[in-house]
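>>> need a structure here:
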Amino acid sequence: MSFSDPIDLAELDRAIARLRPFEREVFFLHRLDDLPYDVIGTRMGITTAEVERIMGRVLDRLRRRLARRRRALPLCFGRRRR
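This next block holds a predicted model:
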């Protein structure tokens with residue numbers, strides 16, 4: 001999957017819903033509320049480094065889940081990229 005691939009919002013919503021509640025909260029605070037890691041850490045009572053680790057883990061999980069879903073689609077639903 002590359003940045004130019006269209007993203008099915010329903011797929012993304014399902015992938016986000018599968019995150020742990022704590023991970024989902026960190027993700028939303030950063031991506032939707034546009035809060036920096038240090039503010040999120042202070043608000044949630046964790047270190048900035050922990051926020052960075054959580055976001056890295058969240059983005060990796062979302063990337064893998066969306067990529068796995070794309071590979072599972074039949075070829076008639078889109079081109080397969082390498």
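
>>> figure out how far the helix or strand harbouring V51 is from the centre of its chain.
Using DSSP states H and E, V51 sits within helix 48-72. Distance of helix 48-72 from the chain centroid (C-alpha atoms, centre = their mean, to the nearest Å) equals 5 Å.

>>> so for that helix, mean pLDDT?
For helix 48-72, the mean pLDDT works out to 89.

>>> then stretch 13-33?
Per-region confidence: stretch 13-33 scores 96 on mean pLDDT.

>>> okay, that stretch in PDB with CA atoms only?
What follows is stretch 13-33, C-alpha atoms only, in PDB (Å, rounded to 0.1, in the frame of the first residue of the first chain):
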ATOM      1  CA  ASP A  13     -13.000   2.800  10.900                       C
ATOM      2  CA  ARG A  14     -13.000  -1.000  11.500                       C
ATOM      3  CA  ALA A  15      -9.300  -1.000  12.000                       C
ATOM      4  CA  ILE A  16      -9.400   1.900  14.400                       C
ATOM      5  CA  ALA A  17     -12.300   0.200  16.300                       C
ATOM      6  CA  ARG A  18     -10.000  -2.900  16.900                       C
ATOM      7  CA  LEU A  19      -7.400  -0.800  18.700                       C
ATOM      8  CA  ARG A  20      -7.300  -1.000  22.500                       C
ATOM      9  CA  PRO A  21      -9.300   1.800  24.100                       C
ATOM     10  CA  PHE A  22      -6.100   3.400  25.500                       C
ATOM     11  CA  GLU A  23      -4.400   3.300  22.000                       C
ATOM     12  CA  ARG A  24      -7.500   4.700  20.300                       C
ATOM     13  CA  GLU A  25      -7.600   7.600  22.800                       C
ATOM     14  CA  VAL A  26      -3.900   8.500  22.100                       C
ATOM     15  CA  PHE A  27      -4.500   8.200  18.400                       C
ATOM     16  CA  PHE A  28      -7.600  10.500  18.400                       C
ATOM     17  CA  LEU A  29      -5.900  13.000  20.700                       C
ATOM     18  CA  HIS A  30      -3.000  13.300  18.300                       C
ATOM     19  CA  ARG A  31      -4.700  12.900  14.900                       C
ATOM     20  CA  LEU A  32      -8.100  14.500  15.500                       C
ATOM     21  CA  ASP A  33      -7.400  17.000  18.300                       C
END
